[in-house]
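Peer 1: Structure of the sequence below:
(chains A, B, C and D)
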Protein chains: 2
Amino acid sequence: MKTVPLHSAKKPAVACNNCSLSELCLPRGLTREELELLESSINKTVKIKKKDYLFHRDDKQQSIFAVKAGAIKTSLSTPDGEEQILGFYLPGDLLGFDAFARDRHTCDAQALDDTLVCELSMDNFQELCGKLPAMRGQMMRQIGSELEREQMLLLTLGQMRTEERLATFLSSLSERNKERGFSSNEFNLPMARHDLANYLGMAVETLSRMFSRLQEEKIISVQHRLVKIEDMARLKQLAHHTCHPAGDVL
Amino acid sequence: MKTVPLHSAKKPAVACNNCSLSELCLPRGLTREELELLESSINKTVKIKKKDYLFHRDDKQQSIFAVKAGAIKTSLSTPDGEEQILGFYLPGDLLGFDAFARDRHTCDAQALDDTLVCELSMDNFQELCGKLPAMRGQMMRQIGSELEREQMLLLTLGQMRTEERLATFLSSLSERNKERGFSSNEFNLPMARHDLANYLGMAVETLSRMFSRLQEEKIISVQHRLVKIEDMARLKQLAHHTCHPAGDVL
DNA sequence: ACAGCGCTTTGATTTACATCAAGAAAGCAT
DNA sequence: ATGCTTTCTTGATGTAAATCAAAGCGCTGT
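Peer 2: Sure thing, here's the model as predicted:
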């Protein structure tokens, strides 16, 4: 097993403590020393072009990743070419946990845009988990969030009608933006209609109709990817199925 | 934090090494000494009567649990009383990971039958994770499986038609039984129609119709909860959407 | 045994959504 | 700009599955 230099002589390429995402990402709750150890363990930041893959299903797991800029979607696909999008990962989100079961990724991860991710190798990850209980705790929380997010999506797909699904999605994207200090009333969708429809388990046409419907009802206004929430109360009401205020990823 | 006696004088109440489930449960891959440490950390085994709850949503997480006998369902429910069943946990399955995100459970866990579970307190769990890398690894794998299982269910709910959903479910239950040394061709469903229908995101009536349809097509035969698979090849073909042979829980 | 209750199946009808089809708008290259 | 491709919206039609309704079956307990 590779060992991590405890205090590397030269300044690491990655500086988590300067990163605007440090409160959302792994560093949260770590002490100064722990943070330094983490920084020196981050292997590098990687650029991925739009439509390129960060990993494929069945790839051996090398690392876990943190999105720094851009957006990633993960999806499962079937022999006959059908796909189900499992999640959208935006800046501050971690991904790669899916491979914990068998050391191989269980889904594909593709960039929706030109994207920047930080990479932490599994070796380093394991070592940090052994050494730093706080780091292990933070990691557990991240995995827990992932589990929770998928559970919410199950509820959405299993129980809600299409309008509710969209309302729920918009409401949680809004929450998410608020948490990150962005506007909760006006934002751009990071994904195309096609991807969102698939994620929400409906046809693109249906999604489009639901956007129109919410607009007619004066709950939102949309043009292309720009969404404005005009009546948050009614949106939340439509999305009342949703139990959680929080949620880390979409 | 409580400390775990390294070698308790008296024999622990729990004997993982005698347990028929040790190959599926936490002990897998642990050395003799590690196993002893685990055994002495298991707090107790708990009995839960049919319809009683192991935990509720928002309960503070005290423990993780391993099902020894019986069956547990986990579910999410909405303010207006709708429910989505998230998983069925059978002997050898672990549950409780959902609380990792916020130290509180994100779903309810209810016994489908009189049930026996082993309980490992979070304190002991944390301690073991720090001490035993093998144990931490096994735990990560378990969590990974949970994530993977939920992903498969998302694919099922998002993309499949009702007949495919049932076929997929039966096929994976069959696999699961084979792995545990039970018959893969003939088994009892551990849950009522109502619960299965909800889990698969359809109405009870539709589920019933799909059972009938599969029976008409001579793929299975059903009476009450007893299912016989008459034509495994065609069942798998119907369930072709499913990518994975494995899968730990349902 | 019987009644009574919950669970399951089957049938008739309705409906939400998918599919099919076409047009409008936006992005991209030349 | 111009045309071309891709993405998105809207309309018309079809269908899978929900809902409504009722009957059959298998429990439980008296």
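
Peer 1: Setting aside sequence neighbours, what's the nearest residue to A:Arg165?
Peer 2: A:Leu200 (4.6 Å; Cβ to Cβ, 6 or more residues apart in numbering or on different chains). Where you see a C-beta, it was placed from the backbone N, CA and C, and this is true even at glycine.

Peer 1: ok, the one you found - contacts?
Peer 2: Neighbour list for A:Leu200: A:Thr156, A:Leu157, A:Thr162, A:Arg165, A:Leu166, A:Phe169, A:Leu207 [criterion: Cβ atoms under 8 Å, 6 or more residues apart in numbering or on different chains].

Peer 1: Swap in 7 Å and give it another go.
Peer 2: Residues in contact with A:Leu200 (Cβ atoms under 7 Å, 6 or more residues apart in numbering or on different chains) are A:Arg165, A:Leu166, A:Phe169, A:Leu207.

Peer 1: and what of A:Gln61?
Peer 2: A:Gly96, A:Ala99, A:Asp103, A:Arg104, A:His105, A:Met122.

Peer 1: A:Glu33: which element?
Peer 2: helix A:32-41 (DSSP states H and E).

Peer 1: now A:Leu116, which residues is it bridged with?
Peer 2: A:Lys47, A:Ala69 (DSSP bridges).

Peer 1: Point out the residues in chain A that sit beside DNA strand D.
Peer 2: Residues of chain A found near DNA strand D (Cβ under 7 Å from any atom of the strand) are A:192-194, A:204-205, A:207-209, A:211-212, A:222, A:224-225.

Peer 1: ranking these by neighbours, who comes first?
Peer 2: A:Leu207 (21 neighbours; other Cβ atoms under 10 Å in any protein chain shown).

Peer 1: before we move on, the earlier item: can you tell me which of the contacts of A:Gln61 are classed as buried?
Peer 2: A:Gly96, A:Ala99, A:His105, A:Met122 (16 or more other Cβ atoms under 10 Å in any protein chain shown).

Peer 1: A:Lys236: which of those is nearest?
Peer 2: Nearest to A:Lys236 among the buried ones among the contacts of A:Gln61: A:Gly96, at 32.1 Å, using Cβ to Cβ.

Peer 1: Let me know the secondary structure of the residue nearest to the closest one when sequence neighbours are not counted.
Peer 2: Using Cβ to Cβ, 6+ apart and skipping the chain neighbours, the partner closest in space to A:Gly96 is A:Ile64 (3.7 Å). Taken by DSSP: H, G, I helix; E, B strand; the rest coil, the conformation at A:Ile64 corresponds to strand.

Peer 1: Report the rounded mean pLDDT for stretch A:137-150.
Peer 2: The pLDDT scores in stretch A:137-150 average 90.

Peer 1: what's that stretch in contact with?
Peer 2: A:26, A:28-29, A:87, A:94, A:97, A:129, A:247-249, B:97-101, B:106, B:143, B:146-147, B:150-151, B:154.

Peer 1: List only buried entries from the residues you listed.
Peer 2: By 16+ other Cβ under 10 Å, the contacts of stretch A:137-150 give A:26, A:87, A:94, A:97, A:129, A:247-249, B:97-101, B:106, B:143, B:146-147, B:150-151, B:154 as buried.

Peer 1: ok, which stretches of chain A are strands?
Peer 2: Using DSSP state E, the strands of chain A run over residues A:42-48, A:53-55, A:63-69, A:72-77, A:83-89, A:94-95, A:108-111, A:115-121, A:186-188, A:220-223, A:226-229.

Peer 1: near chain B at all, the fifth one?
Peer 2: Yes - under the criterion of Cβ under 7 Å from any Cβ of the partner chain, chain B is reached by strand A:83-89 at A:Gln84, A:Leu86.

Peer 1: What is that strand packed up against?
Peer 2: strand A:72-77, helix A:193-199, helix B:133-159 (3 or more Cβ pairs under 7 Å, 6 or more residues apart in numbering or on different chains; DSSP states H and E).

Peer 1: Which members of the contacts of A:Gln61 are positioned in helices?
Peer 2: Per DSSP state H, helices hold the following members of the contacts of A:Gln61: A:Met122.

Peer 1: As TSV, the contacts of A:Gln61 with distance to A:Gly70 would be great.
Peer 2: Putting these into TSV (distance: Cβ to Cβ, whole Å) gives the following:
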residue	distance to A:Gly70
A:Gly96	16
A:Ala99	21
A:Asp103	26
A:Arg104	24
A:His105	19
A:Met122	23
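
Peer 1: Would you mind checking which of the contacts of A:Gln61 is nearest to A:Ile229?
Peer 2: Among the contacts of A:Gln61, A:Gly96 lies closest to A:Ile229 (Cβ to Cβ), at 32.0 Å.

Peer 1: so that closest one makes contact with A:Phe65?
Peer 2: Yes - applying Cβ atoms under 7 Å as the test, A:Gly96 and A:Phe65 come out as touching, 5.2 Å apart.

Peer 1: Which residues does stretch A:178-189 contact?
Peer 2: A:Gly92, A:Leu173, A:Ser174, A:Glu175, A:Asn177, A:Leu196, A:Arg225, A:Leu226, A:Val227, A:Lys228, A:Ile229.

Peer 1: Tell me which two of those sit farthest apart.
Peer 2: A:Gly92 and A:Lys228 (23.3 Å).

Peer 1: who has more neighbours, those two?
Peer 2: A:Gly92 (21 against 13).
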